[in-house]
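Student: what follows is a predicted structure for the sequence shown.
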Amino acid sequence: MKTLRVALLAVFTYLGFLAGTELDALGWLSSPINLVYLTLVGFLIGLLFTPRLEQVLARAALRLEEGWRRLPPELPLAVTVASVLALLAAVLLTSLLSSVPGFSWYHSLGIALVLIVVFAFVAVRNMHLFRADARGFKPRNLGGKALDSSVLIDGRIAEMAELGWLDGPLWVPRFILRELQLLADQEDPVRRGKGRRGLETLERLRAHVPIEVIDDEGDQQLTDDKLLDLCRDRGMALVTNDAAMVQLARIYDVKALSVQALSIALRTQYRPGDRVELEIVKPGREAGQGVGYLEDGTMVVVDHAVKYTGRKVRAVITQTIQTQVGRLVFARLQTEPGAAGEAKREA
């Protein structure tokens, strides 16, 4: 952007100098110093208008880039091939017609423009001939693992790499990096924090595991579809924290690795009759129930424990249920008759 600003200032300065030169040629400048003044006027006008012009040109360039990305890949190829053939035909016709009296360069230019338009129109109408055959073209199998934005924002994957539980190569699609960058630039502090945490996770990963950025954008508009298509076509496993993405990966026949599912599987397995000690932090859904959490984050619902909110209690596990979000444990106070009986039987 600094180069563009300097170029615009140079243009305005030159225009001021050019205006002074023309006025001097007409005899309207009584002194050569006026030429310097007009040049400075051009420079000052450039200082005034350059920031606004810079913003307009930057937005126009961004829209042009987005429009170019939305074009089918076979369209630029078709137009380029048609233009090359049209120019070669124009060279041949110019050589044949150069001996005709009155034929000049602008006739040749007109012929070239007409041929380019005609050839490009025909090529665009038959654009499907330039499309790569999906059945005959198979992308190179890269292997490794592709990282989703959710697992980078979570951050636990960096700790897995530091402990040596994660091997490479790891692949990060460029559109995932763009998603994190957009989040990091948001005004909302929560969204901005997620984006920055994802970028920081990438920096931590690079110190322990090989990471490469892949530029394959795909043809889909949705990020999830592009990521799943990329993993399927390149033979990569998907590392994510999104339960919906895991289900979609099964449909796409893509191997999915969930850090959240791994953390749940590594939690301590509690069975009926096990004794635990925990703090009751809030009431449960049913009357008299109290809710507490174990050290690994497992939620425990204790019957008749609501009166002990804010205090630690001893409880005996009565039932465990596996849910989509984790394992739910039910218990009752160890001082209750049923719990005491279970404890004696266990002894």
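Tutor: Okay, I see it.
Student: output the helix or strand residue 92 falls within in PDB with nothing but the alpha carbons.
Tutor: For residue 92, the enclosing helix or strand under DSSP states H and E is helix 74-97. In PDB, the C-alpha atoms belonging to helix 74-97 read as follows (Å, rounded to 0.1, in the frame of the first residue of the first chain):
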ATOM      1  CA  GLU A  74     -11.700 -23.400 -17.300                       C
ATOM      2  CA  LEU A  75     -13.000 -19.900 -18.300                       C
ATOM      3  CA  PRO A  76      -9.600 -18.100 -18.200                       C
ATOM      4  CA  LEU A  77      -8.000 -21.100 -20.000                       C
ATOM      5  CA  ALA A  78     -10.600 -21.000 -22.800                       C
ATOM      6  CA  VAL A  79     -10.300 -17.200 -23.300                       C
ATOM      7  CA  THR A  80      -6.500 -17.400 -23.200                       C
ATOM      8  CA  VAL A  81      -6.300 -20.200 -25.800                       C
ATOM      9  CA  ALA A  82      -8.900 -18.400 -28.000                       C
ATOM     10  CA  SER A  83      -6.900 -15.100 -27.800                       C
ATOM     11  CA  VAL A  84      -3.600 -16.900 -28.800                       C
ATOM     12  CA  LEU A  85      -5.300 -18.500 -31.800                       C
ATOM     13  CA  ALA A  86      -7.000 -15.200 -32.800                       C
ATOM     14  CA  LEU A  87      -3.700 -13.300 -32.700                       C
ATOM     15  CA  LEU A  88      -1.900 -16.000 -34.800                       C
ATOM     16  CA  ALA A  89      -4.800 -15.800 -37.300                       C
ATOM     17  CA  ALA A  90      -4.400 -12.000 -37.300                       C
ATOM     18  CA  VAL A  91      -0.700 -12.200 -38.000                       C
ATOM     19  CA  LEU A  92      -1.500 -14.500 -41.000                       C
ATOM     20  CA  LEU A  93      -4.200 -12.200 -42.400                       C
ATOM     21  CA  THR A  94      -2.000  -9.100 -41.900                       C
ATOM     22  CA  SER A  95       0.800 -10.800 -43.900                       C
ATOM     23  CA  LEU A  96      -1.700 -11.700 -46.700                       C
ATOM     24  CA  LEU A  97      -3.400  -8.200 -46.800                       C
END
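Student: for it, name the packing helices and strands.
Tutor: helix 105-125 (3 or more Cβ pairs under 8 Å, 6 or more residues apart in numbering; DSSP states H and E). All C-beta spots, glycine's among them, are computed from the backbone N, C-alpha and C.
Student: just checking: what are the partner strands of whichever helix or strand comes after the helix it packs on?
Tutor: Remark: after helix 105-125, the chain's next helix or strand is strand 145-147, criterion DSSP H and E. Sheet pairing for strand 145-147, assigned by DSSP bridges, gives strand 170-173 (parallel), strand 237-240 (parallel).
Student: so how far is the first one from its chain's centroid?
Tutor: Mean C-alpha position of strand 170-173 versus that of the full chain (Cα atoms, centre = their mean, to the nearest Å) differs by 11 Å.
Student: packing partners of the following helix or strand past that strand?
Tutor: Later in the chain than strand 170-173, the nearest helix or strand by DSSP H and E is helix 174-184. Counting contacts by 3+ Cβ pairs under 8 Å, 6+ apart, helix 174-184 is packed against helix 149-154, helix 189-206, strand 211-214, helix 223-234.
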